[in-house]
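Visitor: With the sequence up front, the predicted model follows.
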Amino acid sequence: MELIEDLTLLRRRLRTWRQAGERIALVPTMGNLHRGHLRLVQEARAYAPRTVASIFVNPMQFGPQEDFAAYPRTQARDRELLEAEGTDLLFAPEVATVYPRPPEEQTRIEVPRLSTMLCGASRPGHFVGVATVVCKLFNMVQPDLAVFGEKDFQQLLVIRRMTEDLCLPVTILGVPTVREPDGLALSSRNGYLLPEERARAPALYRALRQAADGLKAGLGPDEVQHQAIQALEKAGLVPDYVSVRRADDLAEPGPADTDLVILGAAQLGKARLIDNLRVTRVL
Ligand code: PAF
């Protein structure tokens, strides 16, 4: 696996693949890789003969009080994992390559509405940072396909909408969440959990499962949301939200909507946990 940090070198390498008619898949990451990321690489390899992974801890998507400085940087191990998975190229740019101008002069991409609800309400500016960096990575790599985890369901919809609205010729592939045996969704931030917190963390998944069962049994969104929040509090998590939304646009569901997603976020120690479950409601 080749490691490239420089944009000119990246473009030169990608040009040879494109000239050979090879399709390119991109797996954007912030590193500190786990099995969920490796699943994304596996999916990418199934769709395209060339796979590029990127590792870039994107300062623009972190709020001032968030964990940008503390975010684990584990590039040596990440490189081994990506190589073992058959990744062709790792693009790991410096901040100055991605953001050559000071933050206040940086062009930004904002996907309205989708970016300001749920996690976007608690993390103002987060999805502007995500949309901006993903758009930049798409322009740098110019992949045919890009792969993202469904664990970050709101992020996936923001990226799909940004790609569609800006007419970017990239197919977006969402990959189901990879979980621990006890249901906890894999996340780079799970490493922040102390052993005792780790034992309580699956409460989020359990609360979403309970909410999904409630919806299927005919309960309304308000009722299952309320029950889920109570279950999280009982388990010692600090809930941010649990919300039932339409899966295609995250709008509040009407009585006739059947394709739903229950999204949840909660704080546990130093870790912000997020998760979601898709539900097909039978009317
Ligand atoms: O999901 C992530 O790891 C990041 O938000 C992404 C998509 C790589 C953008 O920085």
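Guide: The structure has been received and is ready for your questions.

Visitor: wait, E197 sits on A271?
Guide: Yes. Using CB atoms under 8 Å, E197 is in contact with A271, at 7.2 Å. Placement of C-beta: from N, CA and C, glycine included.

Visitor: Looking at these two, which is more packed in?
Guide: A271 (21 against 17; other CB atoms under 10 Å).

Visitor: Please report how far the nearest residue to the more buried one once chain neighbours are set aside lies from the ligand.
Guide: In space, and not counting its chain neighbours, A271 is closest to Y192: 4.2 Å by CB to CB, 6 or more residues apart in numbering. The gap separating Y192 from the ligand is 15 Å, by CB to the nearest ligand atom, to the nearest Å.

Visitor: What of T132?
Guide: T132 is 9 Å from the ligand, where distance means CB to the nearest ligand atom.

Visitor: which SSE is that residue in?
Guide: If you go by DSSP states H and E, T132 is part of helix 126-141.

Visitor: from the middle of its chain, how far away would that helix be?
Guide: Chain-centre distance of helix 126-141: 12 Å, with CA atoms, centre = their mean, to the nearest Å.

Visitor: again with stretch 194-210
Guide: How far stretch 194-210 lies from its chain's middle: 19 Å, per CA atoms, centre = their mean.

Visitor: now do the same end-to-end measure for it.
Guide: One end of stretch 194-210 to the other measures 25 Å (CA to CA, to the nearest Å).

Visitor: List the buried residues in it.
Guide: E197, R198, R200, A201, P202, A203, L204, Y205, R206, A207, L208 (16 or more other CB atoms under 10 Å).

Visitor: ok, which stretches of the protein are strands?
Guide: 2-4, 24-29, 50-55, 89-91, 145-149, 171-175, 238-246, 259-268, 271-280 (DSSP state E).

Visitor: Adding distance to the ligand, write these out as TSV.
Guide: Compiled in TSV, the strands of the chain are given as follows (distance: least, CB to the nearest ligand atom, whole Å):
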stretch	distance to the ligand
strand 2-4	17
strand 24-29	4
strand 50-55	7
strand 89-91	12
strand 145-149	6
strand 171-175	11
strand 238-246	17
strand 259-268	15
strand 271-280	11
